[in-house]
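Engineer: Below is the structure, and that's it, no one-letter string:
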């Protein structure tokens, strides 16, 4: 019988072409995780379909297809190329007898150093990491200082100008609440609703680091990066805080600021 | 007239073959810094010898040699391939009219992202980063935990076993003071004195991180890494704390523990 597992994943997205595995795209976080789980199931069942010499498989018969162990990991949502996660959540249905703790250590052993399974446990059969997600927290990290962020250079966006945090906070106020965020969506042909609820945007400064925390019930494609890019423009004085309300109302991506770089973004937590 | 500058340098050593520039070795921190300074002086003097078409230089005449702007950066000491620094100190004599602050920002602009000049100022003509160094602090960082150090994986050494910090501290006591550290020197044919003074070894644990801080008047080749490797063996229970004293007395590298990996080591501070 298949069991459903919930896992929390931490990854450095620098090397990857994003979360989602796609045909022809090799370096995805989902792809790495699915390969390791496939290998694990094959080892458990002692059926190494993929490793079998090609000569033995006469054709793509129905049997061979049935023998393949399909693993599909469902995340709370995709992350773009270069985006990191501390608390990505995913679920996966696996036909295994293994203990959750053993699955977790197997995965951590065979996954590359830049992907870690922080937690893995049995979940109810109906748990779905995407459909059941109630909220998400993202963090966008910028760096403005005299020196350079040598050791965390892949996890921050270096700014050339000092942004005014007070103005950024003022601008952020206009975004709080349930709004149509079409102006902050990278997909101009989005067919589904672009209405989302952003509960809070907290902006803090600690030494040379400026961190923006976004919490909401869901985010559109590139939404956090466009919100971050827009709030930075407010901080630089190129957009007034009041203008943020106008941009929101206009429902026009062209009026918002640029999409901030992927490397500053990190998915912190998913609520269920 | 040549001026002497003192600079403090931070670097991620992961990509580099160590500090010291050597013929045929391209990726060194010293080499990167010297190239940038050479370029800076050439720009200042508007004499781009290196950039000149080869056809124009008829032979290696004395003039051409004189025209080359030799830059030699003197560090407090070399660091090995893969070793990091927060507070490496170096000095360099430069024939320039530029302000120290402008030199620093030029360097930070043209150096790669993994090398930063934290500070640069005019120093007395006689200041020598190696000869004048009175003491150094190194930090060796290990990680032992359920998960994996995804974001700082290049700055820690992951342990397979939990070391006993109390035993490590006990073993470290035997190393404090002025001793012949021949047992902890990678160079068996070291002609100069292998006597050094280690003032303090502080070992702290913070969550999954175990950090060893070494302060002394100087360290032999690989000394901090061999000390770290030996203290870890003590922590794992494979060497008794008392044995550390015997190893020190034996003056025999073969008795000490293994050389701990370079990636966990960081030069924190140089005293003058």
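Structural biologist: Structure received. The structure presented is a predicted model; accordingly, all values stated were derived computationally and were not measured.
Engineer: The nearest residue to residue A:143 once chain neighbours are set aside: neighbour count?
Structural biologist: With sequence-adjacent residues excluded and distances taken as CB to CB, 6 or more residues apart in numbering or on different chains, residue A:143 is closest to residue A:156, at 4.2 Å. To be clear about C-beta, it is placed using only N, CA and C from the backbone, and glycine gets the same treatment. Other residues within reach of residue A:156, judged by other CB atoms under 10 Å in any protein chain shown, total 20.
Engineer: before we move on, what about residue A:174?
Structural biologist: Residue A:174 is flanked by 19 other residues according to other CB under 10 Å.
Engineer: My understanding was that residue A:37 contacts residue A:71; is that so?
Structural biologist: Yes. Using CB atoms under 8 Å, residue A:37 is in contact with residue A:71, at 4.5 Å.
Engineer: Can you name the helix or strand that residue A:215 falls in?
Structural biologist: strand A:209-216 (DSSP states H and E).
Engineer: name the helices or strands packed onto that strand?
Structural biologist: Contact here means 3 or more CB pairs under 8 Å, 6 or more residues apart in numbering or on different chains; DSSP states H and E; on that basis strand A:209-216 packs against strand A:135-143, helix A:165-173, strand A:195-206, helix A:223-235.
Engineer: Go through those and pick out the most buried.
Structural biologist: Per residue and on average, the most neighbours among these fall to helix A:223-235, with a mean of 26 (mean count of other CB atoms under 10 Å in any protein chain shown).
Engineer: could you give the angle of the very next helix or strand once past it to helix A:165-173?
Structural biologist: Under the assignment DSSP H and E, the closest C-terminal helix or strand after helix A:223-235 is helix A:241-250. Angle between the axes of helix A:241-250 and helix A:165-173 is 20 degrees (criterion: axes from the mean of the first three to the mean of the last three CA atoms, to 10 degrees).
Engineer: circling back to that earlier point, quick one: the residue nearest to residue A:143 and chain B, what's the gap?
Structural biologist: For residue A:156, the distance to chain B equals 11 Å [CB to the nearest CB, to the nearest Å].
Engineer: likewise residue A:135?
Structural biologist: 23 Å.
Engineer: Where does the closest residue to residue A:117 other than its chain neighbours fall, secondary structure wise?
Structural biologist: Distances taken as CB to CB, 6+ apart place residue A:107 nearest to residue A:117, at 4.7 Å, with adjacent residues excluded. Assigned by DSSP H and E, residue A:107 belongs to helix A:100-110.
Engineer: cool, residue A:6 as well?
Structural biologist: Assigned by DSSP H and E, residue A:6 falls within strand A:3-11.
Engineer: Check which element follows that strand along the chain.
Structural biologist: Defined by DSSP H and E, the subsequent element after strand A:3-11 is helix A:29-45.
Engineer: Residue numbers of chain A in contact with chain B?
Structural biologist: For chain A, the residues in contact with chain B (CB under 8 Å from any CB of the partner chain) are A:10-12, A:84, A:108, A:113-118, A:147-148, A:150-153, A:155.
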